[in-house]
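Asks: Pasting a predicted model and its sequence here:
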Number of protein chains: 2
Amino acid sequence: MSVELSNRGEGPASNGELHDDVSEGNLDTKRLLTPRRRQTGGYEEIAMDIGRPSPDGTALLLESMSHEIMRLRVATGGLAIFAVLATFVAIGLAITRWDASAPPPVGRSPCFDNSIYQDYGPIAKQIISVATSGPSFGDEIHKRLEKLCFTFGPRFSGTDALNSAIDWVAEEMTLDGLEKVHKEAVANISNWKRNEEWVYMLQPRLLELPMLGLGGSVAGNVQGQLIAVADWDELHLRADEVAGKIVLFNVPFTTYSETVQYRYRGAIEAGRLGAIGALLRSVSSFSMGNPHTGATRYEEGTQPIPFAAIAVEAADLIQGLLGTGQAVEVHLQMTAQTEAPAQAFNVMGQVTGGMTPDEVVVLGGHIDSWDVGLGAMDDGAGLLVCWHAVRLIHTLGLRPRRTIRVVGWANEEQGRVNGVLGADVYAAKHRDERHVLAIESDSGAFNPLGFTYLGPDSALRTMQALSGTLLGALNATQVVNGTGTGADVLPMYETQGTPALELLTDATRYFWYHHSVADTPDKMDPDELARCAATLAVIAYTVADLEQPLYIPR
Amino acid sequence: MSVELSNRGEGPASNGELHDDVSEGNLDTKRLLTPRRRQTGGYEEIAMDIGRPSPDGTALLLESMSHEIMRLRVATGGLAIFAVLATFVAIGLAITRWDASAPPPVGRSPCFDNSIYQDYGPIAKQIISVATSGPSFGDEIHKRLEKLCFTFGPRFSGTDALNSAIDWVAEEMTLDGLEKVHKEAVANISNWKRNEEWVYMLQPRLLELPMLGLGGSVAGNVQGQLIAVADWDELHLRADEVAGKIVLFNVPFTTYSETVQYRYRGAIEAGRLGAIGALLRSVSSFSMGNPHTGATRYEEGTQPIPFAAIAVEAADLIQGLLGTGQAVEVHLQMTAQTEAPAQAFNVMGQVTGGMTPDEVVVLGGHIDSWDVGLGAMDDGAGLLVCWHAVRLIHTLGLRPRRTIRVVGWANEEQGRVNGVLGADVYAAKHRDERHVLAIESDSGAFNPLGFTYLGPDSALRTMQALSGTLLGALNATQVVNGTGTGADVLPMYETQGTPALELLTDATRYFWYHHSVADTPDKMDPDELARCAATLAVIAYTVADLEQPLYIPR
Ligand SMILES: [Zn+2]
Ligand SMILES: [Zn+2]
């Protein structure tokens, strides 16, 4: 364990100049500093399709503004960040007692381990103090989240907005002083365009229903009687009634993994029975009229039919009408297109390990989002708390044995369903590095409770001891095994057997906002963001620094 | 106090036949049983304006279905309701101990009054037991709420849907056995049509913003730079910058009465300074992308400018962009029209007083709603809990000294702002009756806490004693003075000095849903509806039966 009380590690200077090392490492970094014209996102495409003003007039102004902003940022950003970080360090030093023999906190976890406490208690305490003493650190994260969301809009795969946001992340990581900041190209990512779409109920009265087409759906213009089913069983019991109709999967939300099966397979199963289209009760635990999109798929040999989510309230209305014996007729229009696969990037930076830099603790979230809302919760905040965990480690001048790398992964939302998963590309490209731990934050960066875990039992016990010993002050000591893991750490588990953690938080409201217009920065709390970053920093640092590796990759 | 343990009062039989007395009492009741073609509401108008399918094809089918439904309802409804109510009575009898000398509940209110408890404790206990023992009563109310909302859609002033809903309420009240069920015409009600409307942000990037024009706004098609102000002070400090621009009132929600001033007066104040249009951060305490409409107004001598609410998230985005020095340009299109004043109705039924029938306790909510959502919380549920309070009193065979009347008031949403308030018409028409108490439920029929109060101090003390003595079992003993009252009971207070109560509930989520697409039946809880009805029934019955009147009207 090496602790350097300087504000600078051995990486690039964080003095406000863009450092050379951003242009090394791969073919794509030469584009890193080139501002691009931001392109129309989801809203814009819809707008243009219904004959509203075109964005062409804005491109030039935008480009000149973005040059100007970058010039100013380069000139002033580094200095300001240096000042803020110096303050953090000062606060941390003032608060932290460097006494490894101080008594452990009361109310300790059953997994509390005294030797871990001896080795890492003071550092954990310092990390937590710096992150959570006062609002500054959380406010910094939240301000960056707003900047990411407001400046670029939704970061949908296949849009220039996404690639501009990726460039911005790389620039900001560089300004933070992270090392080896670069992008890695991901080809063949999803390029589905929503375009114009709507659903009208025609009978028993005319009503436009709040809806969002599902990502990957084909276009279609279908009108017909509606049949509502509550589950697969009811669909198959009533198989005779389906042909020529539009099926509503009015499935109440139970858990995401259970309910989302209807989003993945609804068009396949309904199409197989001769339905002309399908609607889905939005996969959501609470609704205020906001429909929720998400990826869907087709299978060879079944006729692809258009498939859209409607708001929970609209599904209730239809069920209420059907329940009184009234026929319900709807007209579904979708003009979605799947265009030629696009290119995006995984973007990353690190604190390079002081002893075994090819052993890596990787953590991150996905940089892409859906085309509605602003991708604040899913997964802007997830990426930001991972990034700021690494930033915090850098700022504190910590240099662990192994490398700690933050990655913004590409195309999580549609990857493996209708395109390449950025994290698969990462795992392949980095197969020569030994990943001792992979951590994802994509379940909402709300108040942290610990982690869910997928991996070998030996590493599980170590994780439980580390969390139980070091995260008591944050009440984030849970390590929950057997509930699966996130999409972006799964490839490391699959290729190297790397233990996979997903940040576990109080995600009560996660499926309120998920994949909808409600996913905006106001939903995320600065204090909770800071606590997430602290949780991640403690675990990433200690696992990167343990004398015995948590796991020996295969 | 007279208690009749029969299932029938002296009113019309509740045996499933429509009784003659629905066609007496005023000129409008002859239309009571005439089903009407339900008309297009807000959604439909927008739909038609953008060239979507027209509703014409649905009218005939609809009419024939609505005839059929009414036929079936008349044939079977009364019988079913009779059975349900008989069950209530049985449950009530089984549970209630008719022993006035039983010890009062523990944890009594400081306002507990032993003589009130002697006189009305058993009845209050019975009412509460019947309403809240088991789910049936709450489920009945909630089912009727769904029926009202799903069948007719939004009940916007000026639509045939509203008048069809009013007819349905009268029919159902009749089936319930309420007495003197009838409608009273309200002329000159608001007739504003939303039509097509949208807002696009043009700079710094093209984005459609979730919006709803404000009721009463003029049409307009304006494009310009946006200036955001946080309050009136900032508007006037920056008065020089306003001319030719569009003003965004980005006022954070504090209380409704405070924040709503910007909705009422925003177009006036911005227009006076030469603004070409105005936008309002939705008056809402929590948002999921749903904009909130509501009434606005103009003043003589200022140029009327178009005025629309945008979603809270959109206001945050604009503020975020302005905060980084970027100019924001928007294009606001509204094609709203104020048509010739329409006619609607106050609809009412009662339990006629056994001794002084011209002394009245009136309670109710408004039957109209905004043109978005389904008016479930505002104020379908409010009317329903008042109605079911009276139904409960009737079912229990109670016959108080004075009359208890439930009213569904017309045109509350726009009344006195841009049209006649139905409750003003009620107060004028019923000025010869002496109203001893007026109770409104229009603050969300959530878990009841008591009432807010406006009126003389003597009646306040009596109300505190009644609530403190009789509503302890519901934890609804609060009587809060000095916070104003609702629009529909104010006319009685103004004309007769009648004490005015507004049902006070745990309305934490009220301004989440208010005047938005999120106002749908799923937001209301059957148990809470039952508790509201019980609270209202206890107070309405006892005040109607007190030997000394609560208040002697002037
Ligand atoms: Zn995600
Ligand atoms: Zn209301």
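Replies: Structure received. Here the structure is a predicted model, which means the values were calculated and not measured. Ligands and ions are numbered 1, 2, ... in the order given.
Asks: all helices of the stretch 351-500 of chain A, in order?
Replies: Using DSSP state H, counting those that start in this stretch, the helices found in the stretch 351-500 of chain A span residues A:382-395, A:422-429, A:457-470, A:490-496.
Asks: Tell me which of those sits most buried.
Replies: Mean neighbour counts were taken over the helices of the stretch 351-500 of chain A using mean count of other CB atoms under 10 Å in any protein chain shown, and the top value, a mean of 28, falls to helix A:382-395. The C-beta positions use only the backbone N, C-alpha and C, and glycine is treated the same way.
Asks: Quick one: list the elements packing against it.
Replies: Helix A:382-395 is packed against helix A:78-95, helix A:114-132, helix A:136-152, helix A:160-175, strand A:342-351, strand A:356-366, strand A:402-409, helix A:526-545, with contacts defined by 3 or more CB pairs under 8 Å, 6 or more residues apart in numbering or on different chains; DSSP states H and E.
Asks: Indicate whether that helix makes contact with ligand 1.
Replies: No - for helix A:382-395, no contact with ligand 1 is found by CB under 5 Å from the ion; the gap never falls below 6.9 Å.
Asks: Repeat that for stretch A:414-428.
Replies: No - shown here: stretch A:414-428 not in contact with ligand 1 (CB under 5 Å from the ion), separated by at least 10.6 Å.
Asks: I'd like to know how many residues surround the closest residue to ligand 1 within the stretch 101-250 of chain A.
Replies: Nearest residue of the stretch 101-250 of chain A to ligand 1 (CB to the ion) works out as A:Arg155 at 11.3 Å. Per other CB atoms under 10 Å in any protein chain shown, the neighbour tally for A:Arg155 reads 30.
Asks: Show me the residue of the stretch 451-554 of chain A that gets nearest to ligand 2, please.
Replies: Closest point on the stretch 451-554 of chain A to ligand 2, by CB to the ion, is A:Ala518, at 24.3 Å.
Asks: Quick one: mean pLDDT for stretch A:383-399?
Replies: The average of the pLDDT scores along stretch A:383-399 is 98.
Asks: Same check on stretch A:322-339?
Replies: Averaged across stretch A:322-339, the pLDDT comes to 97.
Asks: can you check stretch A:182-196 too?
Replies: The model assigns stretch A:182-196 a mean pLDDT of 97.
Asks: Quick check: buried residues in stretch A:536-548?
Replies: Within stretch A:536-548, the residues that count as buried by 16 or more other CB atoms under 10 Å in any protein chain shown are A:536-546.
Asks: pLDDT and distance to chain B added to the residues you listed, as JSON lines?
Replies: Output for the buried residues of stretch A:536-548, formatted as JSON lines (pLDDT from 0 to 100; distance: CB to the nearest CB, whole Å):
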{"residue": "A:Leu536", "pLDDT": "98", "distance to chain B": "26"}
{"residue": "A:Ala537", "pLDDT": "98", "distance to chain B": "27"}
{"residue": "A:Val538", "pLDDT": "98", "distance to chain B": "31"}
{"residue": "A:Ile539", "pLDDT": "98", "distance to chain B": "32"}
{"residue": "A:Ala540", "pLDDT": "98", "distance to chain B": "30"}
{"residue": "A:Tyr541", "pLDDT": "98", "distance to chain B": "33"}
{"residue": "A:Thr542", "pLDDT": "98", "distance to chain B": "36"}
{"residue": "A:Val543", "pLDDT": "98", "distance to chain B": "36"}
{"residue": "A:Ala544", "pLDDT": "98", "distance to chain B": "35"}
{"residue": "A:Asp545", "pLDDT": "98", "distance to chain B": "38"}
{"residue": "A:Leu546", "pLDDT": "98", "distance to chain B": "41"}
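Asks: Which positions in the stretch 301-450 of chain A make contact with ligand 1?
Replies: A:378-379, A:442.
Asks: Grab the nearest non-local neighbour of the residue of the stretch 351-500 of chain A found nearest ligand 2.
Replies: For the stretch 351-500 of chain A, the residue closest to ligand 2 is A:Gly373, as judged by CB to the ion, at 29.6 Å. Residue nearest to A:Gly373 in three dimensions, not counting chain neighbours: A:Asp519, with 3.4 Å by CB to CB, 6 or more residues apart in numbering or on different chains.
Asks: Checking the one you found next. Helix, strand or coil?
Replies: Three-state call for A:Asp519 (DSSP: H, G, I helix; E, B strand; the rest coil): coil.
Asks: Retrieve the pLDDT associated with it.
Replies: At A:Asp519, the model reports a pLDDT of 98.
Asks: Distance of the residue of chain A most remote from its centre relative to A:Pro204?
Replies: Relative to the centre of chain A, and counting by CA atoms, centre = their mean, the farthest-placed residue is A:Gly325 at 43.3 Å. Going from A:Gly325 to A:Pro204 by CB to CB, to the nearest Å gives 10 Å.
Asks: A:Val242 too?
Replies: 21 Å.
Asks: The residue of the stretch 351-500 of chain A closest to ligand 2 is in contact with A:Pro521, isn't it?
Replies: No - counting by CB atoms under 8 Å, A:Gly373 sits too far from A:Pro521 to count as a contact (10.1 Å).
Asks: more neighbours, the two?
Replies: Taking other CB under 10 Å, A:Gly373 and A:Pro521 do not tie; A:Gly373 has more neighbours (28 against 24).
Asks: who's in contact with that one?
Replies: Shown in contact with A:Gly373 (CB atoms under 8 Å, 6 or more residues apart in numbering or on different chains): A:154, A:513, A:515-520, B:289.
Asks: okay, it: pLDDT?
Replies: Here, the pLDDT recorded for A:Gly373 equals 97.
Asks: So for A:Thr302, what pLDDT did the model give?
Replies: 88.
Asks: Determine the number of other residues adjacent to it.
Replies: 14.
Asks: re the thing from before, mind putting the helices of the stretch 351-500 of chain A in CSV, distance to B:Pro456 included?
Replies: As requested, the helices of the stretch 351-500 of chain A are exported to CSV (distance: least, CB to CB, whole Å):
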stretch, distance to B:Pro456
helix A:382-395, 58
helix A:422-429, 71
helix A:457-470, 63
helix A:490-496, 70
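Asks: nearest to B:Arg461, of those helices?
Replies: Among the helices of the stretch 351-500 of chain A, the nearest to B:Arg461 by CB to CB is helix A:382-395 (56.3 Å).
Asks: So what does A:Gly224 have for phi and psi?
Replies: As for A:Gly224, its main-chain torsions (degrees, to the nearest 10) stand at phi -180, psi 180.
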